[in-house]
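Asks: okay, sequence plus prediction incoming.
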Amino acid sequence: MKVTQHIENANGKPLFSFEILPPLKGQNIQSIFDGIDPLMEFNPPFIDVTYHREEYEFKELPNGLLQKKIVKKRPGTVGICAGIQNKYDVDAIPHILCGGFTKEDTENLLIDLDFLGIDNVVALRGDALKNETYFKPEKEGNEYASDLVKQISNLNEGIYLDEDLKNSAKTNFCIGVAGYPEKHMEAPSLDSDIHFLKQKIKNGADYIITQMFFDNKKFFDYVAKCRAAGITVPIIPGLKPIATKKQLNLIPHRFSLELPDDLIMAVVKAKDNDAVKQIGIEWCIAQSKELVKAGIPVLHYYSMGKSENIKAIAKEVF
């Protein structure tokens, strides 16, 4: 079922969803199931699965020269989605990236997903590689998320890259895209960011999931700005409980967002990371309850494969 249909069928009841990442290469899918099992009592209608593009490593050879090696540390997104749908009978939503894919690669991936009965995808540009200052698309690949959305939307219309194909089957993907309440780190302003978000909607996106935020006012203001710009699709808030002192610096740096002073000071004064984890849970519970009270249709949690704190939050909210 499509995410938009799940929202319609809920009739105003808030839905719980979460996001996982594939295990490191060498681990098995049971580690994924072990993280999902404790959260199934809250009846998530869908679970997102991230995609991780290749990385480059340099290995020193016996002669002293460096050999460039391509490494994929977290493969398995498509297989995990198939496993989730088979084991739990809920919708699994793979993330699809521009980075690392030609348009032909993307089309073939979408065909596989369609054959597996996957109804939803999240279309993302993806980050630059570690050795790149700015994102560089693959040759013959999509440069922007809006381009990727357009390709998926075209496939929904039966338009394939091979123009000679006749009587082509149409896919029926519901397309999610990312939104940034505090703007994307590369955007010159929030208004310009929303301008390009609107292009993604125009190209066929059906709903928006936001980057994490820790101040609900930023989310409410963002939604108001999106609505004023003519964006009418559902906007799903992304939430993550802070769990360690290190994240005080890591999260703002990695995601280009602000943490509220009250949260910062509470974490600074915390005795240890166990205390920080509890602070993060309580803060996220308060955020979640306010969002539910405001009539937000779905709350989406970034679990990073750790379910204990997400379960503690969901118990108080759903």
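Replies: Okay, I see it. Numbering: from 1, shown residues only.
Asks: spell out the residue ranges of the helices in the stretch 1-150 of the chain.
Replies: In the stretch 1-150 of the chain, the helices defined using DSSP state H, counting those that start in this stretch lie at 3-9, 30-36, 77-88, 103-115, 145-156.
Asks: between those, which one is closest to Ala314.
Replies: Comparing the helices of the stretch 1-150 of the chain by their distance to Ala314 (Cβ to Cβ), the top pick is helix 30-36, with 12.8 Å. Just so you know, the C-beta spots here come from the backbone N, C-alpha and C atoms, and that holds for glycine as well.
Asks: in that closest one, what's buried?
Replies: Neighbour-count burial for helix 30-36 flags Ile32, Gly35, Ile36 (criterion: 16 or more other Cβ atoms under 10 Å).
Asks: surely Ala229 and His195 touch.
Replies: Yes: judged on Cβ atoms under 8 Å, Ala229 makes contact with His195 at a distance of 7.4 Å.
Asks: from Gln5, how far off is Pro297?
Replies: Counting by Cβ to Cβ, to the nearest Å, the separation of Pro297 from Gln5 is 12 Å.
Asks: okay, those two: which has more neighbours?
Replies: Remark: of Pro297 and Gln5, Pro297 carries more neighbours, 21 against 14, as counted by other Cβ atoms under 10 Å.
Asks: got a pLDDT number for that one?
Replies: Note for Pro297: predicted pLDDT of 95.
Asks: please name the nearest non-neighbouring residue to it.
Replies: Distance criterion Cβ to Cβ, 6 or more residues apart in numbering; nearest residue to Pro297, sequence neighbours excluded, is Ile7 at 4.7 Å.
Asks: same question for Cys98.
Replies: Asn142 (4.3 Å).
Asks: that neighbour reaches Leu161, doesn't it?
Replies: No: using Cβ under 8 Å, Asn142 is not in contact with Leu161, being 11.7 Å away.
Asks: quick one, which of these two is more surrounded?
Replies: Asn142 (25 against 15).
Asks: follow-up on the earlier one: pLDDT value on the residue nearest to Cys98, please?
Replies: Reported pLDDT for Asn142: 96.
Asks: coming back round to it: overlap of the contact sets of Asn142 and Leu161?
Replies: Residues touching both Asn142 and Leu161 by Cβ atoms under 8 Å, 6 or more residues apart in numbering: Lys103.
Asks: distance of Leu15 relative to Leu148?
Replies: From Leu15 over to Leu148 the distance is 25 Å, taken as Cβ to Cβ.
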